[in-house]
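Student: Generate coordinates for the sequence data below:
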Amino acid sequence: MKILFFAPHAALWGHAFPEALIAESLQQHGHDVIYMTCGRQLRRHCVPMSAHGLTPQSPEEQKCRVCGICERNAALLRQEFHLRGPQLAGLIGDAEEQAVDRVIASMTPHRISELEFDQVPVGKLALYHLMLRHKRIDLEMSHEQWSDYLVELRNTLYAAHAARKLIDEERPDRILVYNALYPVTRVVCKLGERRGIAHYFLHAGGNLSNRLQTLLLGRGDTFSFMPRIVAQWPRYRDLPCGPELLARVTDHYLELLRGKSVFVYSQRRSGAAGLRARFGISESQKLLVMAMGSYDEEVAAELVGARQHDRPPLFATQIEWVQAVLDYVRSKPDLFLLIRVHPREFPNRREAITSQHARQLQATFLDLPVNAAVNWPADSVSIYDLADQADVFLNSWSSVGKEMSLLGIPVVIYSADLPFYPADLNYLGTSLPEYLHAIEQALSDGWSGTRARMAYRWGAYEFIRATIFIGDSFLEVEHQVRPLYRRAFDRVRRKLDPMFKERSDCRRREPRLAAAADIAALIESGKESLLELEVAAVSQSASLEQEAMALRSELRRLIASLYPDGQALPTSRLFHHLTAFAGGT
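Tutor: Residues are numbered from 1 along each chain as shown. Reported below is the predicted structural model:
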């Protein structure tokens, strides 16, 4: 079988090295791998440049430096993994350059939706990364944003021309990319799809404690992959999990609480008492926390056809959702609604701009009832400070919905399709009467240890059973705590040998991945995911009694991290639920 790896982002070692491990594994199983890298064709701006904090307007010298890293890494991977294949730049000749120039010169905002390349909507595909970088929810772009879009479109067209030429010449049986949502990778996948070629994506796993040591591998992209594994969940829902699986789930949540990862948007838990007084919540009121999602990510995915809904959600927008819940609580003085705006809507560690949606929210919240307030990111309140006092969480699609369920707190959602986790972890209402009834039922039922158990099982399923483990050959652990002397030594070593880490990773890899047979079986079969091959690690199941003992132990680990000094214990509501279920600390 001939397999095309389109790998233009070698400067991102955390993407490129796992990608090369998969390519090598498939070669060892007798497959012919074609490995296409960039060769500076995307030099105007690219995903690695964005990861280095650069924009299309950044100085050429800075962009050239990232290109140098990319070329250096690509050359090392080609040599160490015996990967053959062309560079993108080598497939773009004068004819292709002129064709791309003509499109760019004639492009207008009104042509975005109609622009196609071999019946692939390249105009829309080129929007994805731009919408995220500028946090936009519509196409009314500024002059600078339009200029950025043209760079994205140019890159997408380069990838399309090169991919068409290579696909027609090599006729691969499969296409693999790291993250099939980037415009340049998505267009290659879609061109292959037009020719009947199955395409697969790779992506780091969701467990922040070993994110780079696990991989999602499946057909399509993350927006199609996650609903498929949710659909498979009923087959695994009733399998008790042993201590090892549950411990790995706790490890992820401890990383969330540490707040070191760029993928964690919430502040670290402060542990300070007085949250109710700060927002004007009386002790007698039950607290509803509304966890809003980051809107531009949803809009960007919908624009490129990645996010598709079988059924329209109850609320067309989050603002409609907020208004409906505000109407509900106005006449219920025994309730208090705290609306938590997603931290990504404002400047944070990953993006330095305020989203377009945030400005709309500011206008929406001008006239709130006395029993409602807004928790803005500038308040520096952790989601876990809110969890300490909340009776019920209301969620749209945020991962907060599964995180609070793991703590036993009831969560209400208004669509089974929006969150990337199973609706049965939460209460669901798909009509307004059903939704309001679900809120009342959640308030009545309250905290549940059974809910925490099921959320732990989902974590084991999502983080372990549905992923490929490559930690036997990639030992990278993000945000590892290193002593000062070690950090100083590593800086000096990196200065003396800039490629030391990359070469070391190559040398330390195992001759063969332990998951090699599963990887080959999935790619050869053409199936959607490992779960369809019945290779998920069901052997790590346990008895209900073993699971119960392990769960109490893991909750004690969480309690120790959530409440390290006992300062907030007298007023905490969550602490008493957790300790009672865990059997005390």
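Student: any idea which helix or strand carries Ser492?
Tutor: Careful, residue 492 is Val; it's not Ser. If you go by DSSP states H and E, Val492 is part of helix 484-496.
Student: Point out the other helices and strands that that helix packs with.
Tutor: helix 500-508 (3 or more C-beta pairs under 8 Å, 6 or more residues apart in numbering; DSSP states H and E). C-betas here are computed from N, CA, C, even on glycine.
Student: Can you name every helix or strand that the helix it packs on contacts?
Tutor: Helix 500-508 packs on helix 13-28, helix 60-81, helix 484-496, going by 3+ C-beta pairs under 8 Å, 6+ apart.
Student: now the last one: mean pLDDT?
Tutor: Here the mean pLDDT over helix 484-496 is 75, rounded to a whole number.
Student: and that helix, how far out from the chain's middle?
Tutor: 31 Å (C-alpha atoms, centre = their mean, to the nearest Å).
Student: tell me the angle of that helix relative to helix 500-508?
Tutor: 90 degrees (axes from the mean of the first three to the mean of the last three C-alpha atoms, to 10 degrees).
Student: Can you give me the buried ones in helix 484-496?
Tutor: By 16 or more other C-beta atoms under 10 Å, helix 484-496 has no buried positions at all.
Student: re earlier: now the helix holding Val492 - C-alpha only, PDB.
Tutor: Provided in PDB are the C-alpha atoms of helix 484-496 (Å, rounded to 0.1, in the frame of the first residue of the first chain):
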ATOM      1  CA  LEU A 484      17.300  24.800  38.600                       C
ATOM      2  CA  TYR A 485      20.600  23.100  37.900                       C
ATOM      3  CA  ARG A 486      19.000  20.900  35.200                       C
ATOM      4  CA  ARG A 487      17.300  23.800  33.500                       C
ATOM      5  CA  ALA A 488      20.700  25.700  33.400                       C
ATOM      6  CA  PHE A 489      22.500  22.600  32.100                       C
ATOM      7  CA  ASP A 490      19.900  22.100  29.300                       C
ATOM      8  CA  ARG A 491      20.200  25.700  28.200                       C
ATOM      9  CA  VAL A 492      23.900  25.400  27.900                       C
ATOM     10  CA  ARG A 493      23.700  22.100  26.000                       C
ATOM     11  CA  ARG A 494      21.100  23.500  23.700                       C
ATOM     12  CA  LYS A 495      23.300  26.500  22.900                       C
ATOM     13  CA  LEU A 496      26.300  24.200  22.200                       C
END
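Student: got the contact list for it?
Tutor: With contacts defined as C-beta atoms under 8 Å, 6 or more residues apart in numbering, helix 484-496 is touched by Arg482, Phe500, Lys501.
Student: Could you report the distance from the second one to Tyr456?
Tutor: Think Phe500. Noted for Phe500: a distance of 39 Å to Tyr456, by C-beta to C-beta, to the nearest Å.
Student: quick one: contacts for the residue nearest the centre of the chain?
Tutor: In the chain, the centroid-proximal residue (C-alpha atoms, centre = their mean) is Gly206; its distance is 6.9 Å. Contact analysis of Gly206 by C-beta under 8 Å, 6+ apart lists Leu216, His252, Glu462, Phe463.
Student: Mind doing that once more with 7 Å?
Tutor: Applying C-beta atoms under 7 Å, 6 or more residues apart in numbering to Gly206 gives the contacts Glu462, Phe463.
Student: so it is in which element?
Tutor: Judged by DSSP H and E, Gly206 forms part of no helix or strand.
Student: What pLDDT is listed against it?
Tutor: 94.
Student: Might one say that Arg557 is in contact with Thr250?
Tutor: Yes. In this structure, Arg557 is within contact of Thr250 by C-beta atoms under 7 Å, at 5.2 Å.
Student: Compare these two and say which is more crowded by neighbours.
Tutor: Thr250 (22 against 16; other C-beta atoms under 10 Å).
Student: Can you classify the more buried one as helix, strand or coil?
Tutor: helix (DSSP: H, G, I helix; E, B strand; the rest coil).
Student: Just give me the neighbour total for the residue nearest to it when sequence neighbours are not counted.
Tutor: In this structure, Thr250 finds its nearest non-sequential neighbour in Glu554, 4.4 Å apart by C-beta to C-beta, 6 or more residues apart in numbering. Glu554 is flanked by 24 other residues according to other C-beta under 10 Å.
Student: Ok, Pro498 next?
Tutor: 12.
Student: wait, what's in contact with it?
Tutor: Pro498 touches nothing, counting by C-beta under 7 Å, 6+ apart.
Student: sorry, back to before: determine which stretch of the helices and strands packed on helix 500-508 is the most buried.
Tutor: Most buried of those by mean neighbour count (mean count of other C-beta atoms under 10 Å) is helix 13-28; its value is a mean of 22.
Student: Buried ones in stretch 130-146, by neighbour count?
Tutor: Across stretch 130-146, burial judged by 16+ other C-beta under 10 Å covers Leu130, Met131, Leu132, Arg133, His134, Lys135, Arg136, Ile137, Leu139, Met141, Gln145.
Student: on that earlier part again, quick one: what helix or strand has the residue nearest to Thr250 in it?
Tutor: helix 544-562.
Student: How about Gly192, nearest residue that isn't a chain neighbour?
Tutor: Ile175 (4.3 Å).
Student: Helix, strand, or coil at the one you found?
Tutor: strand.
Student: Can you name the residues bridging to it?
Tutor: Beta-bridge pairing for Ile175 (DSSP bridges): Leu4, His199.
Student: now this structure, which segments are flagged as low pLDDT?
Tutor: Within the chain, the segments meeting pLDDT under 70 span 261-273, 347-352, 479, 481, 485, 534-540, 566-568, 584-585.
Student: rewinding a little: looking at Phe500 and Tyr456, which has the bigger crowd around it?
Tutor: Tyr456 (23 against 13).
Student: what sits against that one?
Tutor: So Tyr456 contacts Cys241, Leu246, Val249, Leu406, Leu551 (C-beta under 7 Å, 6+ apart).
Student: neighbour-wise, which of those residues leads?
Tutor: Highest count within the contacts of Tyr456 by other C-beta under 10 Å belongs to Cys241, 28 neighbours.
Student: What segments of the stretch 1-150 of the chain are helices?
Tutor: 13-28, 47-51, 60-81, 94-106, 122-125, 128-134, 143-170 (DSSP state H, counting those that start in this stretch).
Student: Give me the buried positions along the longest one.
Tutor: Burial within helix 143-170, assessed by neighbour count using 16+ other C-beta under 10 Å, is assigned to 145, 148-164, 166-167, 170.
Student: For it, which helices and strands make contact with it?
Tutor: Packing partners of helix 143-170 (3 or more C-beta pairs under 7 Å, 6 or more residues apart in numbering; DSSP states H and E): strand 2-6, helix 94-106, helix 122-125, helix 128-134, helix 183-194.
Student: can you rerun that using 6 Å?
Tutor: helix 94-106, helix 122-125, helix 128-134, helix 183-194 (3 or more C-beta pairs under 6 Å, 6 or more residues apart in numbering; DSSP states H and E).
Student: what's the angle between the first one and helix 143-170?
Tutor: Angular relation of helix 94-106 and helix 143-170 on a 0 to 180 degree scale: 150 degrees, by the same axes, to 10 degrees.
Student: centre of the chain versus helix 94-106, how much separation?
Tutor: 34 Å.
Student: Kindly reformat the helices and strands packed on helix 500-508 as CSV containing distance to Met107.
Tutor: Converted to CSV, the helices and strands packed on helix 500-508 look like this (distance: least, C-beta to C-beta, whole Å):
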stretch, distance to Met107
helix 13-28, 29
helix 60-81, 22
helix 484-496, 42
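Student: closest one to Leu202 among those helices?
Tutor: helix 13-28 (5.9 Å; C-beta to C-beta).
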